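Student: Have a look; sequence and predicted model below, questions after that.
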Amino acid sequence: MKKIVLSGKGGAGKTTVAAELTKLLAKKDNKHRVLVVDADAAMTLPFALGIKSKWDDLKPLGEFETEDGEDTERVLAQIQKDYVKKVDQDGLQFDFAYMGHHKMNSCLCGYNSALNLFLDLAREHDLYDFAIVDREAGIEHLTRSVYGKEDDYLMLVSWLSPDYLSVIERINDVADVIGSTEKRLIIVNDILGSADDDSSSEAIEKVGLSRYPYTIMKRNSDKSVDSRLINDIARFIDIE
């Protein structure tokens, strides 16, 4: 299972990229088994994907609890039954889970533990080919064992703005310290049309990230995302 994690400052465009990535991987014709996790409390990914399903019967994964020594197959079956929803619409087919809201001023440890448990069990039981995780803004989640597997991918999304670039710089530094995956892609959000390759390359170099590949997210005249982003991501994650 290839786990693809999107990270960056709030409003950088992570959810837009996650939606485009889902559309790329979850097409029925591709026959990929795809899990999509909205790990941001705002839960905007379903709207970005245009999911029409109702969520009344879906529990937030972040609230899942288990006892030490509990049978893993039974744990996995419970998660799939109560915390995962199968989506089949508009030519897309994937499993969806969301983290939900944690208590204010509380640690995210329990929420991230539930996510990590599910992802680890999903990998162990070969349930999916891809897991897309749209993380909450900031860097706290980096220290909660969300990354680390050699076949994981980290995508850092940012506007060409000092405030946004400084966040992905810090995320990258923390990822280095904890020994996270080296498979990292910088995604420059340019849906407003003010950036080009030269300015993007220069800005990325200034924050010390020039050793990683980058791509630019632009919009077409019809508001759809330009194919460059999708093509570059497809090459980066080596889609068969």
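Tutor: Ah, there it is.

Student: Lowest-scoring secondary structure element of the protein by mean pLDDT?
Tutor: Of all the helices and strands that make up the chain, helix 109-124 has the lowest average by mean pLDDT, DSSP states H and E, namely a mean of 84.

Student: Can you name every helix or strand that that helix contacts?
Tutor: With contacts defined as 3 or more Cβ pairs under 8 Å, 6 or more residues apart in numbering; DSSP states H and E, the packing partners of helix 109-124 are strand 34-39, helix 72-82, strand 130-135. Backbone N, C-alpha and C define where each C-beta goes, glycine included.

Student: tell me which residues of the first one are tucked away?
Tutor: If you call a residue buried by 16 or more other Cβ atoms under 10 Å, then strand 34-39 has these buried ones: 34-39.

Student: which of those residues has the weakest pLDDT?
Tutor: Looking at the buried residues of strand 34-39, model confidence by pLDDT dips furthest at residue 39: 88.

Student: partners of that residue in the sheet?
Tutor: Partner residues in beta bridges with residue 39, using DSSP bridges, are residue 135.

Student: before we move on, back to that, indicate which one of the helices and strands packed on helix 109-124 is closest to residue 175.
Tutor: Go through the helices and strands packed on helix 109-124 one by one with Cβ to Cβ and the one that ends up closest to residue 175 is strand 130-135, at 12.1 Å.

Student: what about stretch 214-232, how long is it end to end?
Tutor: 8 Å (Cα to Cα, to the nearest Å).

Student: Any figure for the gap between the residue lying farthest from the centre of the chain and residue 20?
Tutor: In terms of distance from the mean C-alpha position of the chain, residue 69 ranks first, at 29.4 Å (Cα atoms, centre = their mean). Taking Cβ to Cβ, to the nearest Å as the measure, residue 69 and residue 20 are separated by 41 Å.

Student: what ranges do the helices span in the chain?
Tutor: Read by DSSP state H, the chain holds these helices, from start to end of the chain: 14-25, 45-49, 72-82, 109-124, 162-177, 197-206, 227-236.

Student: follow-up on the earlier one: would you turn the buried residues of strand 34-39 into JSON lines with distance to residue 92?
Tutor: Compiled in JSON lines, those are given as follows (distance: Cβ to Cβ, whole Å):
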{"residue": "34", "distance to residue 92": "9"}
{"residue": "35", "distance to residue 92": "13"}
{"residue": "36", "distance to residue 92": "10"}
{"residue": "37", "distance to residue 92": "16"}
{"residue": "38", "distance to residue 92": "15"}
{"residue": "39", "distance to residue 92": "20"}
